[in-house]
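**Student:** what shape does this take:
(4 chains)
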There are 2 protein chains.
Amino acid sequence: MSNLADRIEEYLKKVLGQAEEGYIILQRGFLADTFSCAPSQINYVLTTRFTAERGYLVESRRGGGGYLRIVRLGLDPEGKFQRLMAELIGDELSQDRANNLIERLEEEEIFTKREAILIKSIFADRILDEIVPSPEILRARMMKEILANMCRDDINI
Amino acid sequence: MSNLADRIEEYLKKVLGQAEEGYIILQRGFLADTFSCAPSQINYVLTTRFTAERGYLVESRRGGGGYLRIVRLGLDPEGKFQRLMAELIGDELSQDRANNLIERLEEEEIFTKREAILIKSIFADRILDEIVPSPEILRARMMKEILANMCRDDINI
DNA sequence: TTTTCTATTGACCATCACTGACTTTGTGAC
DNA sequence: GTCACAAAGTCAGTGATGGTCAATAGAAAA
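**Tutor:** Here you go, the predicted model:
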């Protein structure tokens, strides 16, 4: 039932659909004015509708000349990333499981060899154990974030 | 976007890019006149955009005949990683400093664009704050580990 | 009806850009 | 040396953004 949040979502997706670059840049205050609502309503829409799981990334900057940048992620045909991300939500990832996953993704050419080495190196227990109370949760969280960013339309492998 | 500070930054980088010697010399007052702004705005741009992490060095002189000298620092081939680790990373690394450093290393072609995005994404406060007691220590640790691995001979950019 | 989930707002916070008043330092004339 | 002038430096204050969170309202489900 077209409530405000739904209408803002629809509007943003329409504008995003027309953007050739795969992203749009706009101001929170402008949007809030356009829809005559509280600025924080925009944050609500962004955090509930434009998440990585749904295929979007949001970046922003505060201060004078601040902005919101909404990026549409290139979705792989099989929705493989989405499934992976869903699996990783709230989940834990051991060093072994992480290594297996990363190697698999390297074979599938989702990651380059360098990227695989990079990720594995920082996921090592040797690095995390002393500093992080629950390394397994951090790995899952980071892995999800990496997957989301690797689907970005504005970069190429 | 495109606020004053960004435009001044862009202008200085353009001029610097055309300078054969790797540095430029100019006057603060002249710049301020050119952009019709307060002279202190120039200092703002210099201290926020032309930092060591981003690979710049700024020298100046007051009084009659005063000037600003902006130097683009290269990475010396000998022991560049060691120097970076020692001087720029240290034991703690904030998100801002990390971003500056990563972007600089991307410009120096030590990281690809994808690698830079990958690292920046997992270094975000948004990711680390909830899970890690001292994100700054973890970033420093990870950044050093990444640099050590990216310098391996068996992988190439 | 009662409960639970979703939407909306407003008060307060954090960050970034920019300015102006005041300070410090270098140069040159005397 | 001293003075006047001509740079650049510093810093606190202001305004323009976006962010967060708790409280409330509304809608849907039980």
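**Student:** tell me which other helices or strands the helix or strand bottoming out on mean pLDDT in chain A touches.
**Tutor:** Taking mean pLDDT, DSSP states H and E as the measure, chain A has helix A:80-88 as its least confident helix or strand, at a mean of 75. On a contact count with 3 or more C-beta pairs under 8 Å, 6 or more residues apart in numbering or on different chains; DSSP states H and E, helix A:80-88 meets helix A:135-150. All C-beta atoms are positioned from the backbone trio N, CA, C, and that covers glycine.
**Student:** any idea how far the helix it packs on is from the chain center?
**Tutor:** Here helix A:135-150 is found 10 Å from its chain centre; the criterion is C-alpha atoms, centre = their mean, to the nearest Å.
**Student:** and what of stretch A:17-28?
**Tutor:** Per C-alpha atoms, centre = their mean, the centroid offset for stretch A:17-28 relative to its chain is 16 Å.
**Student:** what's the answer for stretch A:30-49, then?
**Tutor:** Distance of stretch A:30-49 from the chain centroid (C-alpha atoms, centre = their mean) equals 19 Å.
**Student:** run through who's touching that stretch.
**Tutor:** Contacts to stretch A:30-49, defined as C-beta atoms under 8 Å, 6 or more residues apart in numbering or on different chains, come from residues A:4-5, A:7-9, A:11-12, A:28-29, A:56, A:58, A:68, A:70.
**Student:** just the buried ones from those residues?
**Tutor:** Neighbour-count burial (16 or more other C-beta atoms under 10 Å in any protein chain shown) applied to the contacts of stretch A:30-49 gives A:5, A:8-9, A:12, A:28, A:56, A:68, A:70.
**Student:** kindly indicate which of those residues lies nearest A:Ser121.
**Tutor:** Nearest to A:Ser121, judged by C-beta to C-beta, of the buried ones among the contacts of stretch A:30-49 is A:Tyr56 at 29.1 Å.
**Student:** okay, and the beta partners of the closest one?
**Tutor:** A:Arg72 (DSSP bridges).
**Student:** who's in contact with it?
**Tutor:** Counted by C-beta under 8 Å, 6+ apart, A:Tyr56 has contacts A:49-50, A:70-73.
**Student:** got the contact list for A:Leu111?
**Tutor:** Careful, residue A:111 is Phe and not Leu. A:102, A:105, A:119, A:150.
**Student:** per-residue pLDDT of A:Ile119, please?
**Tutor:** A:Ile119 is assigned 97 on the pLDDT scale.
**Student:** how close does it sit to chain B?
**Tutor:** Using C-beta to the nearest C-beta, to the nearest Å, A:Ile119 is found at 8 Å from chain B.
**Student:** ok, back up a step: near DNA strand C, which of the contacts of stretch A:30-49 show up?
**Tutor:** Checking the contacts of stretch A:30-49 against DNA strand C by C-beta under 7 Å from any atom of the strand, the ones in range are A:4-5.
**Student:** mind listing which of the contacts of stretch A:30-49 are in helices?
**Tutor:** Among the contacts of stretch A:30-49, the residues falling in helices (DSSP state H) are A:4-5, A:7-9, A:11-12, A:28-29.
**Student:** show me which residues of chain A are close to DNA strand D?
**Tutor:** Counting by C-beta under 7 Å from any atom of the strand, the residues of chain A near DNA strand D are A:1, A:3, A:27-30, A:39-40, A:42-43, A:46, A:60-68.
**Student:** just the buried ones among those, please.
**Tutor:** Here, 16+ other C-beta under 10 Å leaves A:27-28, A:42, A:46, A:68 buried among the residues of chain A next to DNA strand D.
**Student:** hmm, back to that, now tabulate the ones in helices among the contacts of stretch A:30-49 in TSV and tack on pLDDT.
**Tutor:** Output for those, formatted as TSV (pLDDT from 0 to 100):
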residue	pLDDT
A:Leu4	96
A:Ala5	97
A:Arg7	97
A:Ile8	98
A:Glu9	98
A:Tyr11	98
A:Leu12	98
A:Arg28	98
A:Gly29	97
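**Student:** could you list the contact residues of chain A toward DNA strand C?
**Tutor:** Counting by C-beta under 7 Å from any atom of the strand, chain A sits next to DNA strand C at A:3-6, A:36-41, A:44, A:48, A:61-66.
**Student:** count the residues that sit near A:Met143.
**Tutor:** 24 (other C-beta atoms under 10 Å in any protein chain shown).
**Student:** pull the most distant pair out of the contacts of stretch A:30-49.
**Tutor:** Based on C-beta to C-beta, the longest span within these runs between A:Gly29 and A:Tyr56 and measures 20.6 Å.
**Student:** quick one, phi/psi of the residue lying farthest from the centre of chain A?
**Tutor:** Distance from the C-alpha centroid of chain A, by C-alpha atoms, centre = their mean, peaks at A:Ser36 (28.1 Å). Backbone dihedrals for A:Ser36, given as degrees, to the nearest 10, come out at phi 50, psi 60.
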